[in-house]
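Visitor: Sequence isn't available, so here's the structure alone:
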Ligand SMILES: Cc1ncc(C[n+]2csc(CCOP(=O)(O)OP(=O)(O)O)c2C)c(N)n1
């Protein structure tokens, strides 16, 4: 792996660190619950699970304000939860229920929570990268000092959308943070089947923007790296390209591991299980003196939250047939 | 004749094309994996090598344009887009470049490329993973657009498309992959621009596109039980489409239903209705009925999906509506 830049330590408070752990655990347990629902056929909408990558959503979003927006992709349940989205509307959306965050019409791959700054997530690879640039442009023109964050995978950097977007953002010094979650796969193809070298972090250099590659399973590192990028953006110093190295534990979509469809990743997977971001954070907290009972208490609370969301989603009604034609056009616009 | 399914018929056409013509290669996403193409490209990489069966990075624009460039340079590429929705990232090479190439250069150069895309809808996937956008493509001079509904046509139209010499958009539907039918083992082509009568009838013409052709046949059977003798036409090509066959059928039946699982406004169904109302104006006993999607994007929730995609029953109802016009229809009285 090429040289990585070490983030400066900002000394996050103990409460803050517990918050990061809780966020990661919320994502982990939510997604694991979903994996079971997919396996048993209760959930049909295609679910691209975020397990293994929790530290990135948690660390990045902890560095943001509510008014900073994040934009996501097909694998965005983690982004939604980390930015402050509630489990109930997310689970209900995945169940296709009326009280889902999109009234059931979006499903797993299209989620939104504008109140908390989740601007929208969509499954056209790379599509939201230029949209986030537009968000940053609007922020600049309105002088809000808010930052726009695009979450995307290594695969998305292969689309022209990405190249065009980073150039624009750099040229106009836009307050954008490009968060590349390099989990080394785009569906069935490994990164070296798609490019000559796993060197994504160099993209930023070409455009002379702050460009960092770092460990995506170290939640504090992710947080600190993002904090610096966000500070630069707010000060008008332009965008950053942050490449977080990580690995997704489930297969591309659904509850399986993809070994069943010929992706050879058994050894890799075992390697990465040992770098479990949630466990790493938990161990670090324990080491720093947080009691086991406190950590167990958080786990119990998160389990209850997932159980509540599931029970909620199950009992909520489906949308009515006529609702299909609502919202094709926006209502009255201010 | 041997019976195979639609996906395997597509695969066999690719295999025979790769085998018989060294200029043919396949390029796109998901060619080395069973997820994207079902069995429609199964093991081709193993049989012909990864140099001719190329699974690419995620870059529809460059891949499509590169295939067009290779076609202009003497190759016969088949581009694969596992979903039509993804192909939207490649609209410049398709519409500005490939479609115009022969015309702009006065026929001195051409782009014999086949661009295959899949309609892959349903399954609570939502708006960006469900679209059927043939009308966008059929609108463009210089493109041909085929949409086979049977295993026989799936094979024959792919071979015809590769041999055509023009950019041909080949659109298949995942819902057809398991359908079985008779398919000759040897290579053959199905003429682009020719429709097929799937059931003869005299009371009403049903013109159906792609998967709707299957439903139209079911509708035809249901209508027969009610004493209505429908003629079912599988359009097969939507650009050019077989106006001769459709119009002569309508001149016989006096009634037309067009079934297309796409949007109504400016859809292929609109073009058919317009042409028929001109060419068979004085033989129409009822207004043309269209069975299409509602004018909304695709929803995810199964509760909304259930009413979204048109069914055989919708076709039956539309046909009955045209028939019910007979009683007060002026045209037949005047004739
Ligand atoms: C434009 C477009 N092309 C192809 C796809 C199919 N597809 C869905 S996810 C995916 C892989 C994306 O990989 P990456 O961006 O690295 O994200 P990851 O799945 O690894 O999180 C692909 C190719 C798509 N959804 N959109």
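Guide: Nice, thanks for sending it over. This one's a predicted model, so the numbers in the text were calculated from it and none came from an experiment.
Visitor: who are the neighbours in contact with residue 87?
Guide: As the question left the chain open, I've gone with chain A. A:26, A:30, A:81, A:305, A:306, A:308, A:309 (CB atoms under 8 Å, 6 or more residues apart in numbering or on different chains). To be clear about C-beta, it is placed using only N, CA and C from the backbone, and glycine gets the same treatment.
Visitor: Chain B is the one I meant
Guide: B:60, B:64, B:81, B:94, B:115, B:117.
Visitor: Just the buried residues of the contacts of residue A:87.
Guide: A:26, A:30, A:81, A:305, A:306, A:309 (16 or more other CB atoms under 10 Å in any protein chain shown).
Visitor: What residues does chain B have near the ligand?
Guide: Within chain B, the positions lying close to the ligand (CB under 6 Å from any ligand atom) are B:29, B:58, B:60, B:86, B:89.
Visitor: Buried subset of the residues you listed, written for ChimeraX?
Guide: The buried residues among the residues of chain B next to the ligand can be selected in ChimeraX (16+ other CB under 10 Å) with this line:
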select /B:29,58,60,86,89
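Visitor: so how many other residues sit close to the residue of the stretch 51-200 of chain A found nearest the ligand?
Guide: Nearest to the ligand in the stretch 51-200 of chain A, going by CB to the nearest ligand atom, is residue A:153, at a distance of 2.3 Å. Neighbour count for residue A:153, taken as other CB atoms under 10 Å in any protein chain shown: 26.
Visitor: swap in the one 3 residues further on?
Guide: Look at residue A:156: counted by other CB under 10 Å, it has 23 neighbours.
Visitor: quick one, what contacts the closest residue to it other than its chain neighbours?
Guide: Excluding its sequence neighbours, the residue lying closest to residue A:156 (CB to CB, 6 or more residues apart in numbering or on different chains) is residue A:126, at 4.0 Å. Residues near residue A:126 by CB under 8 Å, 6+ apart: A:73, A:152, A:156, A:157, A:159, A:161, A:162, B:58.
Visitor: can you rerun that using 10 Å?
Guide: Applying CB atoms under 10 Å, 6 or more residues apart in numbering or on different chains to residue A:126 gives the contacts A:73, A:150, A:152-153, A:155-165, B:58-59, B:89.
Visitor: Among those residues, name the buried ones.
Guide: For the contacts of residue A:126, buried by 16+ other CB under 10 Å: A:73, A:150, A:152-153, A:155-163, A:165, B:58-59, B:89.
Visitor: In helices, which of those residues fall?
Guide: Counting by DSSP state H, the part of the buried ones among the contacts of residue A:126 found in helices is A:160, A:161, A:162, A:163, A:165.
Visitor: could you dump those to TSV with pLDDT and distance to residue B:215?
Guide: Output for those, formatted as TSV (pLDDT from 0 to 100; distance: CB to CB, whole Å):
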residue	pLDDT	distance to residue B:215
A:160	97	38
A:161	96	37
A:162	97	41
A:163	96	43
A:165	98	42
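Visitor: Turn the residues you listed into CSV, including distance to the ligand.
Guide: As requested, these are exported to CSV (distance: CB to the nearest ligand atom, whole Å):
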residue, distance to the ligand
A:160, 11
A:161, 9
A:162, 9
A:163, 14
A:165, 14
